[in-house]
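Asks: What follows is a predicted structure for the sequence shown.
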Amino acid sequence: MNSVFYVIAIMGCGDGQTQCAQQRIEPIRYYSAAQCRAAMPAALIRNTDLDYPTVTAACRQVGQSMADNNKAQARRS
């Protein structure tokens, strides 16, 4: 069973995209990284109210697949 999905993290950054800090997480879940990346331009438009010189977005993986969990358990053994 795969419980991995992606969300868009909205980041506020200083000049030159330095010292970025996550400001928001978009509430929509995407089931592939490609879907998430395709939705980033619209997410950035929705979040232009942040008071930072640069606002950017990144897709973040949330959750864990069973295969990944089994690998982690094998490494601990």
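Replies: Noted; the coordinates are in hand.
Asks: mind listing the helices in the protein by residue range?
Replies: 33-46, 66-76 (DSSP state H).
Asks: and those, which one is worst for confidence?
Replies: Comparing mean pLDDT across the helices of the chain, the weakest is helix 66-76, with a mean of 53.
Asks: who touches stretch 19-34?
Replies: 5-14, 36, 39, 43, 46-47, 50, 52, 54-56, 59-62 (Cβ atoms under 8 Å, 6 or more residues apart in numbering). Any C-beta I mention is one placed from the backbone N, CA and C, and that applies to glycine too.
Asks: Ignore what I typed, I meant stretch 48-66.
Replies: Contact partners of stretch 48-66, identified using Cβ under 8 Å, 6+ apart, comprise 1-17, 20, 23-25, 29-30, 33, 36-37, 40, 43-44, 47.
Asks: Which PyMOL command selects the buried ones in the residues you listed?
Replies: The PyMOL command for the buried members of these (criterion: 16 or more other Cβ atoms under 10 Å) is given here:
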select buried, resi 5+6+7+8+9+10+11+12+13+20+24+30+36+40+43+47
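Asks: End to end on stretch 22-37, go ahead and measure it.
Replies: 17 Å (Cα to Cα, to the nearest Å).
Asks: next one: it to chain centre, how far?
Replies: Centroid separation for stretch 22-37 versus its chain: 5 Å, with Cα atoms, centre = their mean, to the nearest Å.
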